[in-house]
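Peer 1: A predicted structure for the sequence below; I have some questions about it.
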Amino acid sequence: MKHNVKGKKFGRESAPRKALMRGLATSLVLYEHMNTTLAKAKAIRPIVEKLITTGRKKTLASRRALSRTLQVESAVNKVLEELGPRYANRPGGYTRIIKLGKRQGDGAEIAQIQFVKD
């Protein structure tokens, strides 16, 4: 039985998997939408939602918490100055996943993850 097993491994060790998630989160924050596999989109959604919730309050502690996950300082600034205020009155659900079909090469499900327009 799979008790208390959270998340997917994506065939990677823990350090490359964490780097993958950080990179995906940074890209989504900077460009506000991206195409990836459905499994990666579902895995990155809770991470990004927590980042936006953290960015809703502009404090030094929240800036440092965002800097731990996001790799680029401009992504941290964008969360604090654009995305946080944009979703200040929204209780959650900042992203949506749209299925795009299967990838030609290996048949993987492709999806677009994007921020909802409020």
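Peer 2: Nice, I can see it. Since this is a predicted model, take the numbers as computed values, not measurements.

Peer 1: CA only for contacts and neighbour counts going forward, please
Peer 2: Will do.

Peer 1: Using PDB, write out every CA atom in the helix or strand residue 78 falls within.
Peer 2: Secondary-structure element containing residue 78, defined by DSSP states H and E: helix 73-78. Extracted C-alpha coordinates of helix 73-78, given in PDB (Å, rounded to 0.1, in the frame of the first residue of the first chain):
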ATOM      1  CA  GLU A  73      15.500  37.500  -8.500                       C
ATOM      2  CA  SER A  74      13.200  38.900 -11.200                       C
ATOM      3  CA  ALA A  75      10.800  36.000 -10.600                       C
ATOM      4  CA  VAL A  76      10.700  36.800  -6.900                       C
ATOM      5  CA  ASN A  77      10.000  40.400  -7.700                       C
ATOM      6  CA  LYS A  78       7.200  39.400 -10.100                       C
END
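
Peer 1: Tell me the helices and strands packed up against it.
Peer 2: Packing partners of helix 73-78 (3 or more C-alpha pairs under 8 Å, 6 or more residues apart in numbering; DSSP states H and E): helix 14-31, helix 60-69.

Peer 1: Mind giving me the packing neighbours of whatever helix or strand comes next after it?
Peer 2: Using DSSP H and E, the helix or strand that follows helix 73-78 in sequence is helix 84-86. On a contact count with 3+ C-alpha pairs under 8 Å, 6+ apart, helix 84-86 meets helix 38-55.

Peer 1: Measure how far the direction of the helix it packs on deviates from that of helix 14-31, in degrees.
Peer 2: Helix 38-55 and helix 14-31 are oriented at 70 degrees to each other (axes from the mean of the first three to the mean of the last three C-alpha atoms, to 10 degrees).

Peer 1: quick one on the thing from earlier: quick check: which of the helices and strands packed on helix 73-78 is nearest to residue 48?
Peer 2: Proximity to residue 48 (C-alpha to C-alpha) singles out helix 14-31 among the helices and strands packed on helix 73-78, at 6.0 Å.

Peer 1: buried sites along that closest one?
Peer 2: 20-30 (16 or more other C-alpha atoms under 10 Å).

Peer 1: And for it, what's in contact with it?
Peer 2: Helix 14-31 has contacts (C-alpha atoms under 8 Å, 6 or more residues apart in numbering) with 9-10, 34, 44, 47-48, 69-72, 74-75, 78-79, 113-114.
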